[in-house]
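Trainee: Build me a model from this:
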Amino acid sequence: MSDMLKLQKKIFAKLAKPTLAAVATVTKDGKPWARYVMVYADKDLNIAFSTFKGSRKVSHLRKNSDVHVLCGATTVKGTKAYLQIQGKARISTDPKVKRAHWNPGLKAYFSGPSDPNYVVVLVQPSQIEYQSMKAMGPEVWDAKAAVKAKKAAAKKPAKKKAAKKRK
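Mentor: Numbering: from 1, shown residues only. Take a look at the predicted model:
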């Protein structure tokens, strides 16, 4: 397994379950604006969180889809690593997406997955820095490099099977 795919697994371990994160968007004046949300990701590191359709973050994202997500640190002593994520966000009102991301904890804010005020923000990361508290600099996951590494890993088993057939 390539170093990029190993790093992707480490990052996913930090994002597999909902985790508190600061998400920064860009205001209409071009200034950064951060707030806390609960984020989670799939194995391909596609990140999601829920919010109100009329929120400031949605207004910011409609004008500029650039986001920065910071998560992983809960205490100074207990933190082993944290993530800095750069990416592009899109707002989904698709009923299938809303149902797929719905969880019972959202009942405190929305009537259900069909609530018109409930939207899902999907973040496609371009770069993720994994900063271990034991290291001086971060390990950097890059979306384009990860795609190449995944394709290369998929080709290896095919080559091994072909070599076995020749024997």
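
Trainee: can you pull out the helices in the chain?
Mentor: For the chain, the helices defined by DSSP state H occupy 3-15, 56-63, 95-101, 143-166.

Trainee: Nearest to Trp33, out of the ones you listed?
Mentor: Among the helices of the chain, the nearest to Trp33 by CB to CB is helix 56-63 (6.5 Å). Where you see a C-beta, it was placed from the backbone N, CA and C, and this is true even at glycine.

Trainee: Check the separation of the first and last residues in stretch 37-56.
Mentor: 13 Å (CA to CA, to the nearest Å).

Trainee: List the buried residues of that stretch.
Mentor: For stretch 37-56, the neighbour count (16 or more other CB atoms under 10 Å) marks 37-41, 45, 47-51, 55 as buried.

Trainee: of the helices of the chain, which approaches Ala73 most closely?
Mentor: Of the helices of the chain, nearest to Ala73 by CB to CB is helix 3-15, at 10.3 Å.

Trainee: Touching that closest one from outside, list them.
Mentor: 39-41, 43, 45, 47, 71-72, 81, 83, 128, 130, 139, 141-142, 145-146, 148-150, 153 (CB atoms under 8 Å, 6 or more residues apart in numbering).

Trainee: Name the nearest residue to Met1, ignoring sequence neighbours.
Mentor: Ala153 (6.6 Å; CB to CB, 6 or more residues apart in numbering).

Trainee: With distance to Tyr118 and mean pLDDT added, can I get the helices of the chain in a markdown table?
Mentor: Putting the helices of the chain into a markdown table (distance: least, CB to CB, whole Å; pLDDT from 0 to 100) gives the following:
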| stretch | distance to Tyr118 | mean pLDDT |
| --- | --- | --- |
| helix 3-15 | 21 | 93 |
| helix 56-63 | 11 | 97 |
| helix 95-101 | 6 | 97 |
| helix 143-166 | 28 | 74 |
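
Trainee: out of those, nearest to Gly30?
Mentor: helix 56-63 (9.9 Å).

Trainee: Run through the neighbouring helices and strands of the closest one.
Mentor: Applying 3 or more CB pairs under 8 Å, 6 or more residues apart in numbering; DSSP states H and E, one finds that helix 56-63 contacts strand 19-26, strand 32-41, strand 47-52, strand 81-92, strand 118-132.

Trainee: which residues sit against the first one?
Mentor: So the one you mean is strand 19-26. Against strand 19-26 from outside (CB under 8 Å, 6+ apart): 32-40, 49, 56-57, 60-61, 63-64, 66-72, 74, 89.

Trainee: Among those, the buried ones, what's the PyMOL command?
Mentor: Paste this into PyMOL to select the buried members of the contacts of strand 19-26, with burial taken from 16+ other CB under 10 Å:
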select buried, resi 37+38+39+40+49+57+60+61+67+68+69+71+72+89
